[in-house]
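**Q** quick one, what's the 3D model for this:
(chains A and B)
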There are 2 protein chains.
Amino acid sequence: MTSSRSDEWPRRVAILGVGLLGGSVGMAIKRRCPQTELVGYNRTKAKRDLALKQGAVDRTADSIEAACDGADVVVVASLVDKIADLVIAAAQAAGPDCLITDVGSTKASIVEDVSRSELAKSRFLAAHPIAGSEQTGVLNASAALFDQKIIVLTPADDADSELTARAKRFWSLTGGKIVCLSPQDHDAYLAAVSHVPHLVSAAVSRLLPADAKSLVGSGWRDITRVAAGDPDLWTAICRENRQAIRCELERLIGDVQQLCQLLASEDDEGLHHWLSEAKVNKDQTNEPAA
Amino acid sequence: MTSSRSDEWPRRVAILGVGLLGGSVGMAIKRRCPQTELVGYNRTKAKRDLALKQGAVDRTADSIEAACDGADVVVVASLVDKIADLVIAAAQAAGPDCLITDVGSTKASIVEDVSRSELAKSRFLAAHPIAGSEQTGVLNASAALFDQKIIVLTPADDADSELTARAKRFWSLTGGKIVCLSPQDHDAYLAAVSHVPHLVSAAVSRLLPADAKSLVGSGWRDITRVAAGDPDLWTAICRENRQAIRCELERLIGDVQQLCQLLASEDDEGLHHWLSEAKVNKDQTNEPAA
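**A** Coordinates of the predicted model:
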């Protein structure tokens, strides 16, 4: 694995799906490693041309095989329900020393699906950079998107330690901070800190009476910012992390039903305690991350 | 009512409770009407001195009576469950041409409680500037807080039209845009666009697993921004608008239960539709307010 120890590694990075996240990976790597060649692949020529025009990649390829040829790293940055198939396709196209990674917001089903292919499994180290936006597309990509952001790696139980080390090294080049979790723990935590909050934000947006749109204030705007997110993306995330999301949604419904009970029984002391616990949790996240 | 038609109106404004909102009213009025004298009242001397030091008022008074003496306008800016009593006290201290108004986030119970006093009722025009922050206190007050923000006035059915006109004139001086609603419509709408979203934001914060605090991203931070709000303030709001809040919370729970059903039955088309409706509502609030 000399290539992975050289200062010149990675000499070539292929990005499958050059949108907000894929484009930002390219720009972040180029900022740190100007000599690295970035090859982009999107399904449509229009998106490939846009990625090139935005400077997110150095050149584009019109097939997965051509994009992965000779790559040291392949980053799969598609919708979560397409990632496993693309990882398997990339493993067949890339060389034996190639690291394949991804940016998906769900991990367990992707890791499980990839493990159907021994070849893909031996080259794949799953990742989830906790960065993004309600905006999409390479036009919103930025070299700084991952700076100081958490990048969760989810090596399978039997993952090769050298592969894990290479994935840590690659993702560190983007400016992010690496955390390792099991795929299952990742999905349970992310259901609680991201997926269910997103769905609740959407529920708040759905609650808006048609004739009260002019009454929304800055609180409503903040709470619902992510409700403008792409329904395709979030349907795919729900499909891939259905069980953990249902579990956390039930937990949230139970908590809100408890709140209703406090209101119905005019238990203002209990209500104050309920609100104070929320404030403590919120205030603690403003401390430096552990 | 010559004083109300004079260009010099209001010559004197008393602010009962010079915190974030009360202080911002003072600063906004001073920006537009530098000749107006601003008199501040807070219960504690420390808060009165701070209000003066911040330049939110020109001078302070150490009693409600002294503050309201000779005022053309009294602005009551306390917690919502203290407003009605303060309005009644102000009406007894102020002259017959004095407009009394408030900044409370709930309106029906305040208007009803004030109407216990015929004197107070004849001088009070309730208001709710839809502006604020999870921050509190006069240190965060700003002359620009109300610029282009909606100020809801909720005249009672039998409100004097001249009193309503004076309230519109006063609140226009802060830079806000005036909307009139009945107190009951205000409370029902605000439960949907503000109070329940706030409680849901708190529920999202409460859902955070203790060992996942480092995994929160910008979406979680936005959704829970208001969860750092003052529990005293929000307990008071819930107490004053209990019925409408319970009604909207039940509506939200029903919608989230429907979402759970879509997830359980793997109805991804239905889920996509559910998410798309949320996005449409959100995107429509980004258009110029009606």
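**Q** mind showing which ranges of chain A have poor pLDDT?
**A** Within chain A, the segments meeting pLDDT under 70 span A:1-7, A:133-134, A:287-290.
**Q** neighbours around A:Glu8, how many?
**A** For A:Glu8, the neighbour count with other CB atoms under 10 Å in any protein chain shown is 11. (C-beta placed from N, C-alpha, C; glycine too.)
**Q** list the contacts for it?
**A** A:Glu8 makes contact with A:Gln35 under the criterion CB atoms under 8 Å, 6 or more residues apart in numbering or on different chains.
**Q** the one 4 residues further on too?
**A** For A:Arg12, the set of contacting residues under the criterion of CB under 8 Å, 6+ apart consists of A:Thr36, A:Glu37, A:Leu38, A:Val39, A:Gly70, A:Ala71, A:Asp72, A:Val73.
**Q** mind checking the SS state of the fourth one?
**A** For A:Val39, the secondary structure call by DSSP: H, G, I helix; E, B strand; the rest coil comes out as strand.
**Q** then the fifth one?
**A** Going by three-state DSSP, the secondary structure assigned to A:Gly70 is coil.
**Q** for chain A, just list every one of the helices.
**A** With DSSP state H, the ranges of helices along chain A come out as A:2-5, A:20-32, A:45-53, A:64-68, A:80-93, A:108-114, A:118-123, A:161-172, A:183-190, A:196-206, A:218-223, A:231-240, A:242-264, A:268-284.
**Q** out of those, which is closest to B:Asn241?
**A** Closest of these to B:Asn241 is helix A:242-264, at 9.9 Å (criterion: CB to CB).
**Q** report all helices and strands that that closest one contacts.
**A** Helices and strands touching helix A:242-264, by 3 or more CB pairs under 8 Å, 6 or more residues apart in numbering or on different chains; DSSP states H and E, are helix A:183-190, helix A:196-206, helix A:268-284, helix B:196-207, helix B:242-264.
**Q** please repeat the previous calculation with a cut-off of 7 Å.
**A** Under the contact definition 3 or more CB pairs under 7 Å, 6 or more residues apart in numbering or on different chains; DSSP states H and E, helix A:242-264 sits against helix A:196-206, helix A:268-284, helix B:196-207, helix B:242-264.
**Q** how far away from the center of its chain is that helix?
**A** Helix A:242-264 has its C-alpha centroid displaced from the chain centroid by 25 Å (CA atoms, centre = their mean, to the nearest Å).
**Q** how about the contacts made by A:Leu181?
**A** Residues near A:Leu181 by CB atoms under 7 Å, 6 or more residues apart in numbering or on different chains: A:Val152, A:Thr154.
**Q** how far away is it from B:Arg11?
**A** According to CB to CB, to the nearest Å, A:Leu181 and B:Arg11 sit 65 Å apart.
**Q** how many neighbours does the residue nearest to A:Ala56 when sequence neighbours are not counted have?
**A** Leaving aside its chain neighbours, A:Ala56 sits nearest to A:Gly23 (3.6 Å; criterion: CB to CB, 6 or more residues apart in numbering or on different chains). Residues lying near A:Gly23 (other CB under 10 Å) number 29.
**Q** ok, A:Gly23 touching A:Ala143?
**A** No. Counting by CB atoms under 7 Å, A:Gly23 does not reach A:Ala143; the two are 9.6 Å apart.
**Q** B:Lys177: which of the helices of chain A is closest?
**A** Among the helices of chain A, helix A:218-223 sits nearest to B:Lys177 (CB to CB), with 15.1 Å.
**Q** buried ones in that closest one?
**A** Judged by neighbour count (16 or more other CB atoms under 10 Å in any protein chain shown), helix A:218-223 contains these buried residues: A:Gly219, A:Trp220, A:Asp222, A:Ile223.
**Q** again with stretch A:198-214
**A** Result for stretch A:198-214 [16+ other CB under 10 Å]: buried residues A:198-208, A:212, A:214.
**Q** and chain B, which of those residues contact it?
**A** Applying CB under 7 Å from any CB of the partner chain to the buried residues of stretch A:198-214, one finds that A:198-208, A:212, A:214 fall near chain B.
**Q** what's the span of stretch A:94-108, first residue to last?
**A** 23 Å (CA to CA, to the nearest Å).
**Q** how far out from the middle of the chain is it?
**A** On CA atoms, centre = their mean, the centre of stretch A:94-108 falls 13 Å from that of its chain.
**Q** so does it get close to chain B?
**A** No. For stretch A:94-108 and chain B, the contact criterion (CB under 7 Å from any CB) is not met; the two come no nearer than 9.8 Å.
**Q** count the neighbours of the residue nearest to A:Leu275 when sequence neighbours are not counted for me.
**A** In space, and not counting its chain neighbours, A:Leu275 is closest to B:Pro231: 4.0 Å by CB to CB, 6+ apart. If you count neighbours by other CB under 10 Å, B:Pro231 ends up with 18.
**Q** so A:Ala131 makes contact with A:Leu145?
**A** Yes. Contact criterion CB under 7 Å: A:Ala131 and A:Leu145 qualify, at 5.1 Å.
**Q** give me every residue that touches A:Ile29.
**A** Counting by CB under 7 Å, 6+ apart, A:Ile29 has contacts A:Val13, A:Thr36, A:Leu38, A:Leu173, A:Thr174.
**Q** go through these and name the one nearest chain B.
**A** Chain B has its nearest neighbour among the contacts of A:Ile29 in A:Thr174, at 15.1 Å by CB to the nearest CB.
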